[in-house]
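Participant: for reference, the sequence and a predicted model appear below.
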Amino acid sequence: MNLEAIKAKLAGLNNNGQEREKVDYEKIFWRPTNGKHIVRIVPSVYDPSFPFKELKFHYNIGKFPMIALSNFGKQDPIKNS
């Protein structure tokens with residue numbers, strides 16, 4: 001796993017110059033409870049140097065974010081309109 005590449009990608013995402021609405025991520029993402037836990041990040045089969053997969057979402061279309069079909073190599077009608 002290339003930690004420098006991961007840090008560079010994160011810095012690029014954080015410094016894109018756009019103001020964003022604050023989101024309470026504790027309500028969205030899983031967080032372990034107090035106590036002892038083992039959390040493992042497994043390298044990707046497709047790119048072992050970068051363990052994360054970037055996904056695109058559409059927001060403000062419905063109540064919840066919608067995953068873009070372009071993530072799966074399909075034609076995305078929302079992106080194309």
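Facilitator: Alright, I've got the coordinates.

Participant: okay, CA-based contacts and neighbour counts for the rest of this
Facilitator: Will do.

Participant: show me what counts as buried in the helix or strand in which Ala5 is found.
Facilitator: Take DSSP states H and E as the rule and Ala5 turns out to sit in helix 3-14. Judged by neighbour count using 16 or more other Cα atoms under 10 Å, helix 3-14 contains no buried positions.

Participant: neighbouring contacts of that helix?
Facilitator: Outside helix 3-14, the residues that touch it by Cα atoms under 8 Å, 6 or more residues apart in numbering are Phe50.

Participant: now that helix - C-alpha only, PDB.
Facilitator: Extracted in PDB, the C-alpha atoms of helix 3-14 (Å, rounded to 0.1, in the frame of the first residue of the first chain):
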ATOM      1  CA  LEU A   3       0.600   5.700   1.900                       C
ATOM      2  CA  GLU A   4       2.100   8.700   0.100                       C
ATOM      3  CA  ALA A   5      -0.300   8.300  -2.900                       C
ATOM      4  CA  ILE A   6      -3.200   8.000  -0.500                       C
ATOM      5  CA  LYS A   7      -2.200  11.200   1.400                       C
ATOM      6  CA  ALA A   8      -1.700  13.100  -1.900                       C
ATOM      7  CA  LYS A   9      -5.100  12.000  -3.200                       C
ATOM      8  CA  LEU A  10      -6.700  13.100   0.100                       C
ATOM      9  CA  ALA A  11      -4.900  16.500   0.000                       C
ATOM     10  CA  GLY A  12      -6.100  17.000  -3.600                       C
ATOM     11  CA  LEU A  13      -9.700  16.300  -2.600                       C
ATOM     12  CA  ASN A  14      -9.500  18.600   0.400                       C
END
